[in-house]
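> Give me a model of this one.
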Amino acid sequence: MEQTLNPAQSQSLPSSSPSSSSESTETHPENASRRTSSPAPPLTPAAPSSRLWRPAAQRNLRNQWSNLSTYRQKWPSLSSAALSHASSLVNAHLSQRHFHIPFFKSFYVRLVLVNRYMKDMELGVLSNMPNIKQKACQKLFRQQEFHRSKLLSSYKSMVAVLVHMANTCRSMRCYLKGTTSSPLVQFSSCSENNNDSGDGGGVPVFTFWSISVYEKLAQELFQMFAWELNLKRLLVIELLSIRSEEAPEINELHWSDELYPGEFHDLSECNLYSGDPCEPVLPKFEGWKSDTSDQQPHHEVLQVYLTAWLADVNIDKYRVDEIFAVVGEEMHVALS
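Predicted coordinates:
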């Protein structure tokens, strides 16, 4: 790799010897005093790394925004799967009290209704089968536990996606790897020098925008999904805490409970865990803090929970599309 310096870059470096330049300004005492007394400029990649920084930064930004686009596309499918399992839980709970449920009606609802009215049903020749009612009830309970575990698993997958988004937002900058005297110039998204800002001195990476602009847009995007995950965590706690007459032993969950091993660590990566008090950050709606209730929710409230989950109320889909469109236009790539 050639390490020759650009002429402009060579002139900006201080001379190590007065005889190295024939220009009168180099030997004038006032100019020498001005050079020694002026503050040192911020560290930027040294030549030839200064010439190679921009292509490396461009590749890094394209990769990171491509990753963000991938994580954004995973979110709807994970959210839809979680909603499906949440609907099954709600249907099972509502069927304990109401025979006719026109909303969220499904095959699983009919199974639970059979369980509800099994005691009064005439089974005909099936009555001679030993413990048929108990076996049917046990199967229905296993189905309910299946959807409960699947809902939690879907939530865990959504947290994992948000963690990846957070790490991607922190990897926009391009830092010099190793020392400037190394014969092989390499770059990394992790800083090895506190004096290296990783933004090339604020120069445009592609056409107009510096790295800080990309970081602000990525943070805006991430924050919408973080707020939405925080709200969905509240809904998951409420839905997992639903109890029925046939299963009163279900433990009630609270906001400060860890829903799965390592959840608090994952939330910390997303700035959704507070050290004081030691619990996840509560969802906020224009300054009002949400909290869980000790009472079992009514069916109208449960339907609102499912509707709120479906709506992704904290994610402005038009703004998300706009962010990816303008970033893709600036980088000359298509971010679908």
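
> Let's verify Glu279: helix, strand, or coil?
Assigned by DSSP: H, G, I helix; E, B strand; the rest coil, the conformation of Glu279 is strand.

> Next, count neighbours for it.
Taking other CB atoms under 10 Å as the neighbour definition, Glu279 ends up with a count of 16. Any C-beta I mention is one placed from the backbone N, CA and C, and that applies to glycine too.

> how far away is it from Tyr273?
From Glu279 across to Tyr273, the span is 8 Å (CB to CB, to the nearest Å).

> Same question for Ser153.
Taking CB to CB, one finds Ser153 at 21 Å from Tyr273.

> Then Trp65?
On the measure of CB to CB, Trp65 and Tyr273 end up 27 Å apart.

> Looking at these two now, which is surrounded by more residues?
It is Trp65, of Trp65 and Tyr273, that has more neighbours when counted by other CB under 10 Å, with 24 against 16.

> State the pLDDT value of the more buried one.
The predicted structure scores Trp65 at 96 on the pLDDT scale.

> And Glu249, by the same measure?
Looking at Glu249, its pLDDT is 56.

> and Tyr260, how many neighbours does it have?
Neighbours around Tyr260, by other CB under 10 Å: 12.

> pretty sure it is touching Leu152, no?
Yes - using CB atoms under 8 Å as the test, Tyr260 is close enough to Leu152 to be in contact (6.5 Å).

> for the record, mean pLDDT for stretch 203-217?
Confidence over stretch 203-217, taken as the mean pLDDT, stands at 94.

> Report the buried residues of that stretch.
Of the residues in stretch 203-217, those buried under the neighbour-count criterion (16 or more other CB atoms under 10 Å) are Val205, Phe206, Trp209, Ser210, Ile211, Val213, Tyr214, Glu215, Leu217.

> any idea how far Met165 is from the second one?
Distance from Phe206 to Met165, counting by CB to CB: 22 Å.

> Please apply the same query to the last one.
From Leu217 across to Met165, the span is 13 Å (CB to CB).

> same check, this time on the fourth one
Applying CB to CB, one obtains 21 Å for the distance of Ser210 from Met165.

> The first one too?
Shown here: Val205 relative to Met165, a distance of 20 Å by CB to CB.

> can you check His254 too?
If you go by CB to CB, the gap between His254 and Met165 works out to 27 Å.

> and if you look at Ile315?
With distances taken as CB to CB, Ile315 is found 12 Å from Met165.

> Please consider this matter closed, and thank you.
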